[in-house]
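Asks: everything below, folded, please.
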Amino acid sequence: MRFLISHFSKYLTKSTNESLLVLYLRIVETIILKILTLNQIIMKFKLVVFSLFLTFTMSILAQNADKIIGYYLTVDEKTGAEKSQVQISKSQNGTYIGKIVWLKEPNRNGAPKLDDYNTEKNLRSRPLLGLPLIRDFVYNAGDNEWKDGSIYNPSNGKIYHCIIKFEGNNKLKVTGYVGAAWMGLNKTATWTKEAALRK
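Replies: Sure thing, here's the model as predicted:
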């Protein structure tokens, strides 16, 4: 303020009312400060709106990603009969995993069914009930699917690359493939979402 007064004082004549000039400069200063304050308020408002939008977007994406969590009924691909129930959950590192939690026929010859066809012989003593089935899936928002994971097939002991995608609200299309997905060397099964763990 003093700088402005000193700057303009050299243009003043004796007949000039310096007090009016000082008042004028103070008014200008007040207006400038109010404009700056308004700009700061607008900037803060924009930041708040952006933060809320970002939080909302992240929340929606998280909800979409976690939609896969739950219990799913699998069926025999040849007969269509109920076969097992798989529970999909979120691991500590944020990827999605799944295990067998129910079997239509859990026993064979009076004993629990085992992972008989596993290529690693030391794992063939594992019970099928509780067996890890899918692992390391991440959600791809652009394609609205879970990918980059793998699925284990206890029927032949092999592990396949896999892509999982919803068809409707309660059916999963689980596609296991060899090589790259675009090569067409794949097989798709449909899992139906259920409300709770089967007894």
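
Asks: what segments of the chain are helices?
Replies: 2-9, 18-66 (DSSP state H).

Asks: could you identify which of those has the lowest mean pLDDT?
Replies: The minimum mean pLDDT among these belongs to helix 2-9 (a mean of 51).

Asks: domains of this protein?
Replies: 18-66, 70-194 (automatic domain parsing).

Asks: among these, which is the most enclosed?
Replies: Mean neighbour counts were compared across the domains of the chain using mean count of other CB atoms under 10 Å; the top stretch is domain 70-194, at a mean of 15. For the C-beta atoms, the positions are set from N, CA and C on the backbone; glycine is no exception.

Asks: how long is that one end to end?
Replies: Using CA to CA, to the nearest Å, the end-to-end distance of domain 70-194 comes out at 7 Å.

Asks: ok, stretch 146-164 next?
Replies: Distance across stretch 146-164, first residue to last, is 5 Å (CA to CA).

Asks: what lies in contact with that stretch?
Replies: With CB atoms under 8 Å, 6 or more residues apart in numbering as the test, stretch 146-164 has contacts from 65, 68, 95-96, 100, 115, 117-119, 128, 131-140, 145, 165, 172-179, 181.

Asks: repeat the analysis, applying 6 Å as the threshold.
Replies: Stretch 146-164 is contacted by residues 68, 96, 115, 117-119, 128, 133-140, 145, 172, 174-177 when judged by CB atoms under 6 Å, 6 or more residues apart in numbering.

Asks: so what's the gap between it and the chain middle?
Replies: Relative to its chain's centre, stretch 146-164 lies at 20 Å (CA atoms, centre = their mean, to the nearest Å).

Asks: please apply the same query to stretch 186-199.
Replies: 21 Å.

Asks: list the contacts of that stretch.
Replies: Stretch 186-199 has contacts (CB under 6 Å, 6+ apart) with 70-74, 85, 101-102, 170-177.

Asks: could you list the low-pLDDT ranges of the chain?
Replies: Applying pLDDT under 70 to the chain flags the ranges 1-22, 39, 44-63, 179-185.

Asks: the strands in it, which residues?
Replies: In the chain, the strands defined using DSSP state E lie at 70-75, 82-90, 96-103, 107-108, 111-112, 132-140, 145-153, 158-167, 171-177, 186-194.

Asks: now distance to M43 too, for those, in JSON lines please.
Replies: Shown next, in JSON lines, are those (distance: least, CB to CB, whole Å):
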{"stretch": "strand 70-75", "distance to M43": "44"}
{"stretch": "strand 82-90", "distance to M43": "38"}
{"stretch": "strand 96-103", "distance to M43": "40"}
{"stretch": "strand 107-108", "distance to M43": "68"}
{"stretch": "strand 111-112", "distance to M43": "65"}
{"stretch": "strand 132-140", "distance to M43": "34"}
{"stretch": "strand 145-153", "distance to M43": "39"}
{"stretch": "strand 158-167", "distance to M43": "41"}
{"stretch": "strand 171-177", "distance to M43": "46"}
{"stretch": "strand 186-194", "distance to M43": "46"}
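
Asks: fine, thanks again, bye for now.
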